[in-house]
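Trainee: I need the structure of the sequence given here:
(chains A, B, C and D)
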Number of protein chains: 2
Amino acid sequence: MDKNLKRMATMHRMQMTGLELFYRQGYYNTSIDDILKSLDLSKGAFYYHFQSKEEFFISIVQNLVFRKVYSMLIEPVEGKNNPLHAIEVCLDDALETAEHNHMDFGFVLANFMNEFNGRNPEIMKYLTDICKVWEVNLVTALQRGKTDGFVERHIDSEGVAAYIISSYFGIRTLMVGGNRKMMRYHYIQQLRNYFRSLSPVVIA
Amino acid sequence: MDKNLKRMATMHRMQMTGLELFYRQGYYNTSIDDILKSLDLSKGAFYYHFQSKEEFFISIVQNLVFRKVYSMLIEPVEGKNNPLHAIEVCLDDALETAEHNHMDFGFVLANFMNEFNGRNPEIMKYLTDICKVWEVNLVTALQRGKTDGFVERHIDSEGVAAYIISSYFGIRTLMVGGNRKMMRYHYIQQLRNYFRSLSPVVIA
DNA sequence: AAAATAACCGACCGCCTGGTCGGTTTAACG
DNA sequence: CGTTAAACCGACCAGGCGGTCGGTTATTTT
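Mentor: As a prediction, the model looks like this:
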């Protein structure tokens, strides 16, 4: 029983460090030895717990990336009244983590999608699936926003959701090579601009 | 004299094939032998013309990527009257190439920025520089649009430019794993939505 | 205490990588 | 022609890669 705990602990440690290095250096550019070195573990330990580098990565995507995307980008929007406002706050929070150069998991996702695109269809599927979950939840929130009077009725929710995700993925790519704080400010400002065009016109 | 021509031709051939493969498989995941194999050339030929893999890549960025970004994303906006409309048409054209799965160079740029971020500062600089040229030209176009009455005067041109580039980078990341044609349509539709919020209010 | 098994070690393998270098082919020129 | 240099060849190298495996240590179980 205690063994099972140790097993879980070690695997989790490996996955955390693995994600950190895969994120920073890329999957193909990070060797298993890199990960093991910063953990003071050996090849034997790795292949005792995981079948291959690929299976290891997939376990990271499902256990860490998916959960984090869900808790950071999906859940915070789910319950709220005004979806546009909730989305704005949520993305601003995510960009705050990004501003301090920590992993924000939306970017982790976008990064990996770029790396595996056309190179590993299986892994790609896991990533696009997460993306789709996010998209579907945005669409749901937007639709509910329509019935609640927070969102203009004739807008195309799928299009808006795709555009929101796009702009977020993109700003994260841009942020890496510039003034992060200013870019975050710019982004939220323009997102608000955009959202204004989706709000019902207030009849004075 | 003829020698010089041959030299240029071979180097260009290498650069074209190199870009194609780096784009499809990633820089770190593409070996020099990969490139040489599809060119029927040898290691000797490669290292006769280029000093290293890195220098080779930089020459590709400067000679091919930069020029193409300029001719496809910057020039088409430069001369036009209505900048918002010109940008829309330009990005739609770029997404058309993307829809048919060809290289659109905005995406090439975003892709490489993701791959080299935090891994190779020197290469990163070349890439962010291209990005900045694009951004500056967008800002210029937007400012001119203000004086010409096509763009609302109090908008933040820098913010808008960043947001446009962001959304474009992002949609290209999303396009790889979905219905390309529909995503292009969605994107342009929402871009137009966004641009409406930047246009001067028409007094009926 | 002994047996069993989970957890881990690290030398080793075959393969591929970026890069080198002595040699060969090709083509311009006197 | 012959000379000369540019263009190209391909065997080779050291190092790193993902992955294997026979062995050792730590922890339960009996």
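Trainee: Quick one: classify the residue of chain A at minimum distance from DNA strand C as helix, strand or coil.
Mentor: At 1.7 Å from DNA strand C, A:Gly44 is the closest residue in chain A, using C-beta to the nearest atom of the strand. (Glycine included, C-beta is placed from N, CA and C.) Here A:Gly44 takes the helix state, with states given by DSSP: H, G, I helix; E, B strand; the rest coil.
Trainee: how many neighbours does it have?
Mentor: Counted with other C-beta atoms under 10 Å in any protein chain shown, the neighbours of A:Gly44 add up to 9.
Trainee: The longest helix seen in chain A and DNA strand D, any residue contact?
Mentor: Looking across chain A with DSSP state H, the single longest helix is helix A:121-147. No. Judged by C-beta under 7 Å from any atom of the strand, helix A:121-147 makes no contact with DNA strand D; its nearest approach is 12.9 Å.
Trainee: pLDDT on whatever helix or strand comes next after that helix, on average?
Mentor: As assigned by DSSP states H and E, the chain's next helix or strand after helix A:121-147 is helix A:157-175. Mean pLDDT, computed over helix A:157-175, is 96.
Trainee: Please write out the alpha-carbon positions of helix A:157-175 in PDB.
Mentor: What follows is helix A:157-175, C-alpha atoms only, in PDB (Å, rounded to 0.1, in the frame of the first residue of the first chain):
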ATOM      1  CA  SER A 157     -20.500  31.500 -31.200                       C
ATOM      2  CA  GLU A 158     -18.200  29.000 -32.900                       C
ATOM      3  CA  GLY A 159     -16.500  31.800 -34.800                       C
ATOM      4  CA  VAL A 160     -16.100  33.900 -31.600                       C
ATOM      5  CA  ALA A 161     -14.700  30.900 -29.600                       C
ATOM      6  CA  ALA A 162     -12.200  30.200 -32.300                       C
ATOM      7  CA  TYR A 163     -11.200  33.800 -32.500                       C
ATOM      8  CA  ILE A 164     -10.700  34.100 -28.700                       C
ATOM      9  CA  ILE A 165      -8.500  31.000 -28.600                       C
ATOM     10  CA  SER A 166      -6.600  32.200 -31.600                       C
ATOM     11  CA  SER A 167      -5.800  35.600 -30.200                       C
ATOM     12  CA  TYR A 168      -4.800  34.000 -26.900                       C
ATOM     13  CA  PHE A 169      -2.400  31.500 -28.500                       C
ATOM     14  CA  GLY A 170      -1.000  34.200 -30.700                       C
ATOM     15  CA  ILE A 171      -0.400  36.800 -28.000                       C
ATOM     16  CA  ARG A 172       1.600  34.200 -26.100                       C
ATOM     17  CA  THR A 173       3.800  33.600 -29.100                       C
ATOM     18  CA  LEU A 174       4.400  37.300 -29.300                       C
ATOM     19  CA  MET A 175       4.900  37.800 -25.600                       C
END
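Trainee: between it and helix B:121-147, how many degrees?
Mentor: Counting by axes from the mean of the first three to the mean of the last three C-alpha atoms, to 10 degrees, helix A:157-175 lies at 120 degrees to helix B:121-147.
Trainee: What's the first helix or strand after helix A:157-175?
Mentor: helix A:180-196.
Trainee: Residues contacting that next one, please?
Mentor: A:84, A:87-88, A:91-92, A:95-96, A:98-99, A:101, A:163-164, A:167, A:171, A:174-175, B:155-156, B:158-160, B:162-163, B:166, B:190, B:193-194, B:197-198 (C-beta atoms under 8 Å, 6 or more residues apart in numbering or on different chains).
Trainee: Check whether A:Gln51 sits in a helix, strand or coil.
Mentor: Using three-state DSSP, the structure places A:Gln51 in coil.
Trainee: ok, it to A:Gly18 distance?
Mentor: Distance, A:Gln51 to A:Gly18, by C-beta to C-beta, to the nearest Å: 14 Å.
Trainee: got a list of what A:Ile87 touches?
Mentor: A:Ile87 touches A:Val77, A:Leu138, A:Ala141, A:Ile164, A:Phe195, counting by C-beta under 8 Å, 6+ apart.
Trainee: thinking again about what came up before, of A:Gln51 and A:Gly18, which one has the most company?
Mentor: A:Gly18 (26 against 10).
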